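Participant: what follows is a predicted protein model with its sequence.
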Amino acid sequence: MDKIRTRFAPSPTGYMHIGNLRTALYEYLIAKSQGGDFILRIEDTDRSRYVEGAEEVIYSTLKAVGLRHDEGPDIGGNYGPYIQSERRGEYLTYAKKLVEKGDAYYCFCEKSDTDEGHLESGHKDICRNLGEIEIKENLKAHKSYVIRQKTPEYGITKFDDLVFGEVKIENKEIEDQILIKSDGYPTYNFANVIDDHEMHITHVVRGSEYLSSTPKYNLLYESFGWEKPTYIHLPLIMGKNEDGSVSKLSKRHGAVSFEDLIKMGYLPEAIINYIAFLGWCPESNREIFSLRELEHEFSAKRISKSPAVFDYKKLDWFNSEYIKSKPTKEFVELAKPYIVPVLGDMKLSVEKISMLLQNRISKLSEIPDLIDFFGQLPIYGTELFINKKSKTDKEISENVLKEIKEKLSELETWNYDSLHDLLIDYAKKNELKNGTVMWPVRIAISGKTTTPGGAIEILEILGKDESLSRIDKAISLLKGEK
Ligand code: GLU
């Protein structure tokens, strides 16, 4: 069998939609699971939608998730150029070949570029029956034209899709689609066929929204006498609505682009692992796979045709698993940009704060709210000192804090163990529950009832001076109420 060649063919829109990234991932995995090549081709023939610099997003996303392409605009290859606008001349030559064969025709109708309105009366255009003389005259007069595919009027066209099975369409329903636009650029519908053939693509993988266009592409392959690729259409990705129903994933469901997910604090490897499951599952129940492991595990046969539902909670789970499994050093580097701005002028240990967070968060963006008290003690009410479970009220808290403050100010070595011993010994000597000591201390130094880490960890991180000053403040607050 020929070497498998798949291609990712994004249009430079300026962002990477989750659906596009899943297509790229499946194309990559289909190729790599069978020792094949994965090609990157930029489809920029729709000049009206062109966004400056948008190619960068494509390169940086592929790089961030580790989908290395074997050929592409940036690294070259044997079948370049890999940017469609740079192949412009070729398409017209091919289209003219089809005109000669009688499988395409010039259409001189006004507004022909906007297909939908133009073919209102049916799927075939009246220009398909123009006489040769008229065509020649129009061309001579430099009348603006498009080139349309001449699709059959009778019979059916069918093909086998690896995921969706046999797909059939009546030829009378097939539109005489535009191949070359009036600006001389090919349509996507034409360029993709030419490029896939010229680049020796063996497996075409794309979203199921292209299922209904595939018969038109196959008719083109037949007109040219080319071998057709294997088609693999991927199921839709849906989002959950508030009322429990589902609809096509869109912004109202939440972030839909790779960049937005990254901004929300998801890790690239968690995103890739999760989206592998949007339409595919392995034979076992295992869920955590690195990209390398997926390369071995993936099989196109296990792609499902039922729509996949994007579940942010499930992505949270994947992300927290990846965060937990990071070596501490790496996690500190990831967490740093979320910790440092919150600390302001406070010179506290980013490493120690990170250690409190690694097993507690599902995304990095949760960090600032969790640790804001380190940078600045929030304004809090003394009712926080009242806690049934810890057996504390305002009076007990004030007493405990006063005595603990004395002891802490005498403490020479300020570390976890010495702080631990001091607090626990105090509780023991005074026949108090540990909580009766820990609770008021934690409220005093954090101003919060829930914090990552308990009283001892927070004392250690804040250091002696800051801890004592916060405890002082708590004592004055409690005193002030009497
Ligand atoms: N440029 C098309 C898109 O971004 C590619 C579709 C295909 O893979 O053929 O949707």
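Facilitator: Happy to help now that I have it. Numbering: from 1, shown residues only.

Participant: in the sheet, who's paired with the residue nearest to Arg7 when sequence neighbours are not counted?
Facilitator: Distance criterion CB to CB, 6 or more residues apart in numbering; nearest residue to Arg7, sequence neighbours excluded, is Ile39 at 4.2 Å. For the C-beta atoms, the positions are set from N, CA and C on the backbone; glycine is no exception. On the basis of DSSP bridges, Ile39 is bridged to Arg7, Glu71.

Participant: my guess is Ile39 contacts Glu71. True?
Facilitator: Yes. Judged on CB atoms under 8 Å, Ile39 makes contact with Glu71 at a distance of 4.6 Å.

Participant: the two: which is more packed in?
Facilitator: Between Ile39 and Glu71, counting by other CB atoms under 10 Å, Ile39 is the more crowded of the two (25 against 20).

Participant: contact partners for the more buried one?
Facilitator: 5-8, 69-72, 77, 79, 82, 199, 201 (CB atoms under 8 Å, 6 or more residues apart in numbering).

Participant: same thing but 10 Å
Facilitator: Neighbouring residues of Ile39 by CB atoms under 10 Å, 6 or more residues apart in numbering: 5-9, 27, 31, 69-72, 77, 79-80, 82, 195-196, 199-201.

Participant: overlap in contacts, Ile39 and Glu71.
Facilitator: With CB under 10 Å, 6+ apart, Ile39 and Glu71 have common neighbours Arg5, Arg7, Gly77, Tyr79, Gly80, Tyr82, Met199.

Participant: roughly how far does the first one sit from the ligand?
Facilitator: If I follow you right, that is Arg5. Distance, Arg5 to the ligand, using CB to the nearest ligand atom, to the nearest Å: 14 Å.

Participant: quick check: phi and psi on that residue?
Facilitator: Dihedral angles of Arg5 (phi, psi; degrees, to the nearest 10) stand at phi -130, psi 120.

Participant: and it, how many neighbours?
Facilitator: 21.

Participant: run through the stretch 101-250 of the chain and note the low-pLDDT ranges.
Facilitator: 111-122 (pLDDT under 70).

Participant: closest approach to the ligand from it, which residue is it?
Facilitator: Arg206 (3.7 Å; CB to the nearest ligand atom).

Participant: contact partners for that residue?
Facilitator: Contacts of Arg206 were listed using CB under 10 Å, 6+ apart, and they are 7-9, 19-20, 23, 26-27, 192, 213-214, 231-234.

Participant: out of those residues, which sit inside helices?
Facilitator: Using DSSP state H, the members of these that fall within helices are Gly19, Asn20, Thr23, Tyr26, Glu27, Asn192, Thr214.

Participant: who does the closest residue to the ligand within the stretch 301-450 of the chain bridge with?
Facilitator: Of all residues in the stretch 301-450 of the chain, Ile303 sits closest to the ligand, at 15.1 Å by CB to the nearest ligand atom. Note on Ile303: beta-bridge partners Trp280, judged by DSSP bridges.

Participant: just the one 5 residues further on next, same as before
Facilitator: Under DSSP bridges, the beta-bridge partners of Ala308 are Ile237.

Participant: offset the numbering so it begins at 279, please.
Facilitator: New numbering, starting at 279: the last item is Ala586.

Participant: from memory it sits against Arg300, does it?
Facilitator: Yes. Assessed by CB atoms under 10 Å, Ala586 is found in contact with Arg300 at 8.4 Å.

Participant: now Ala578: closest residue in space that isn't a chain neighbour?
Facilitator: Ile308 (5.3 Å).

Participant: show me the contacts for the residue nearest to Asp315 when sequence neighbours are not counted.
Facilitator: Leaving aside its sequence neighbours, Asp315 sits nearest to Asp348 (CB to CB, 6+ apart; 4.2 Å). Counting by CB under 10 Å, 6+ apart, Asp348 makes contact with Arg283, Thr284, Tyr306, Ala309, Lys310, Gly314, Asp315, Phe316, Ile317, Leu318, Gly355.

Participant: kindly report the same for Ser668.
Facilitator: Here Ser668 is in contact with 674-675, 710-718, 720-721 (CB under 10 Å, 6+ apart).

Participant: now do Thr729
Facilitator: Listed by CB under 10 Å, 6+ apart, the contact partners of Thr729 are Leu634, Leu648, Ile649, Phe651, Phe652, Arg720, Ile721, Ile723, Glu735, Ile736.

Participant: export those residues to JSON lines and tack on distance to Gly622, pLDDT and neighbour count?
Facilitator: Shown next, in JSON lines, are the contacts of Thr729 (distance: CB to CB, whole Å; pLDDT from 0 to 100; neighbours: other CB atoms under 10 Å):
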{"residue": "Leu634", "distance to Gly622": "18", "pLDDT": "97", "neighbour count": "19"}
{"residue": "Leu648", "distance to Gly622": "16", "pLDDT": "98", "neighbour count": "21"}
{"residue": "Ile649", "distance to Gly622": "12", "pLDDT": "98", "neighbour count": "25"}
{"residue": "Phe651", "distance to Gly622": "12", "pLDDT": "98", "neighbour count": "19"}
{"residue": "Phe652", "distance to Gly622": "9", "pLDDT": "98", "neighbour count": "25"}
{"residue": "Arg720", "distance to Gly622": "21", "pLDDT": "98", "neighbour count": "24"}
{"residue": "Ile721", "distance to Gly622": "21", "pLDDT": "98", "neighbour count": "25"}
{"residue": "Ile723", "distance to Gly622": "16", "pLDDT": "98", "neighbour count": "25"}
{"residue": "Glu735", "distance to Gly622": "20", "pLDDT": "98", "neighbour count": "19"}
{"residue": "Ile736", "distance to Gly622": "17", "pLDDT": "98", "neighbour count": "26"}
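
Participant: the residues you listed: which two are farthest apart?
Facilitator: Across those, no pair lies farther apart than Leu634 and Ile721, at 17.1 Å, counting by CB to CB.

Participant: surely the residue nearest to Ala578 meets Tyr509?
Facilitator: No. In this structure Ile308 lies outside contact range of Tyr509 using CB under 10 Å: 11.9 Å.

Participant: shared neighbours, the two?
Facilitator: Leu440, His481, Val483.

Participant: among the residues you listed, which lie within strands?
Facilitator: His481, Val483 (DSSP state E).
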